[in-house]
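Visitor: My questions are about this predicted structure, shown below with the sequence.
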Amino acid sequence: MIGLIGAMNVEVEALEARLENPVRETIGMDTFVRGTLFGQEAVLAVCGPGKINAALCAQSMILRYHPAWLLNLGVAGSMAADVRIGDMVIANAAVQHDYDTSPLDPPGLISKINLTTLPCDAGLRERLKKAAEAVGGFHVHVGLVATGDQFIHTDEARARIREMYHPLAVEMEGGAVAHACYMHGVPCGILRSISDNANTDSHMDYPSFTRLAAAHSQAVVERLLTEGA
């Protein structure tokens, strides 16, 4: 059993349409759809935007379905000059850029687990990279992803996050899914296709490119599962 979580319907709907023998189950306010996806047992969910929604959904999925690994997929804003709209970012780790208990602790240090960077599984990361490169049509980047409960759309916010953490992409769920996975010992992956540049043009770029970016992410998952990448 593998687990797939997206924040919005557009990020998982094409994969859900390919599920064989789907069975739906609701836990709290999250709906999980279980079935066979490209020959593998899988469970999919749409968590809704934001860290708390993502963490609750991930924890429910882990406790109910016990996935061998869990992948958070979807779209993100670029945080680096060479990461362009349509490119793919695969996380080697995530930070929660809005978690800040300074001056008691360094910015981003998460109490209880005592980590600033939340790890992603190295083996799954390499498989995702191989699958993304096989799909082609976009550049593939591997590096840090920043997560927070804001849609980043100003140059000032973008510059602040870049200066503090130097991530490749920014979004609203990956770091929370990685947090839940870390606490439960479940291998985690984060796959993000770039939909905007996390700046003052984001409100125009995001609606225009979200569906294309989501299609790229879903194509990588299909390749991952069908080719055994």
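Guide: On my side now, so go ahead.
Visitor: before we move on, which element is residue 54 in?
Guide: Following DSSP states H and E, one finds residue 54 within helix 51-65.
Visitor: Helices of the protein, start to end?
Guide: 9-17, 51-65, 122-135, 155-165, 174-184, 202-227 (DSSP state H).
Visitor: Let me know which of those is the nearest to residue 103.
Guide: Smallest distance to residue 103 across those (Cβ to Cβ): 14.9 Å, for helix 155-165. Yep, even glycine has a C-beta here, placed from its N, CA and C like the rest.
Visitor: For that closest one, which helices and strands make contact with it?
Guide: Using 3 or more Cβ pairs under 8 Å, 6 or more residues apart in numbering; DSSP states H and E, the elements in contact with helix 155-165 are strand 140-147.
Visitor: now the helix holding residue 54: mean pLDDT?
Guide: For helix 51-65, mean pLDDT is 98.
Visitor: picking up where we left off before, mind putting the helices of the chain into a markdown table with mean neighbour count?
Guide: Formatted as a markdown table, the helices of the chain follow (neighbours: other Cβ atoms under 10 Å):
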| stretch | mean neighbour count |
| --- | --- |
| helix 9-17 | 18 |
| helix 51-65 | 21 |
| helix 122-135 | 18 |
| helix 155-165 | 15 |
| helix 174-184 | 26 |
| helix 202-227 | 19 |
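Visitor: do you know which of those helices lies nearest residue 29?
Guide: helix 51-65 (8.6 Å).
Visitor: hmm, back to that, mind checking how far the helix holding residue 54 is from the chain centre?
Guide: Helix 51-65 sits 13 Å away from the centroid of its parent chain (Cα atoms, centre = their mean, to the nearest Å).
Visitor: which other residues reach it?
Guide: 1, 3, 5, 7, 25, 27-28, 30, 32, 34, 43, 45, 47-48, 67, 70, 72, 96, 147-149, 172-177, 179-181, 184, 186 (Cβ atoms under 8 Å, 6 or more residues apart in numbering).
Visitor: Which of the residues you listed are buried? Put it as a ChimeraX command.
Guide: Those of the contacts of helix 51-65 that count as buried under 16 or more other Cβ atoms under 10 Å are selected in ChimeraX with:
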select :3,5,7,27,30,32,34,43,45,47,48,67,70,72,96,147,148,149,172,173,174,175,176,177,179,180,181,186
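Visitor: residue ranges with poor pLDDT in the chain?
Guide: Low-confidence segments of the chain (pLDDT under 70): 199-209, 228-229.
Visitor: repeat that for 80
Guide: Along the chain, segments meeting pLDDT under 80 span 197-214, 227-229.
Visitor: if you skip the residues just before and after it, what's nearest to residue 31?
Guide: Computed as Cβ to Cβ, 6 or more residues apart in numbering, the closest residue to residue 31 that is not its neighbour in sequence is residue 24, at 5.9 Å.
Visitor: so the one you found sits right up against residue 35, yeah?
Guide: No: assessed by Cβ atoms under 8 Å, residue 24 is found out of contact with residue 35, at 9.6 Å.
Visitor: Those two: which is more packed in?
Guide: residue 35 (17 against 9; other Cβ atoms under 10 Å).
Visitor: Okay, and the beta partners of that one?
Guide: residue 42 (DSSP bridges).
Visitor: Kind regards, and thank you for your time.
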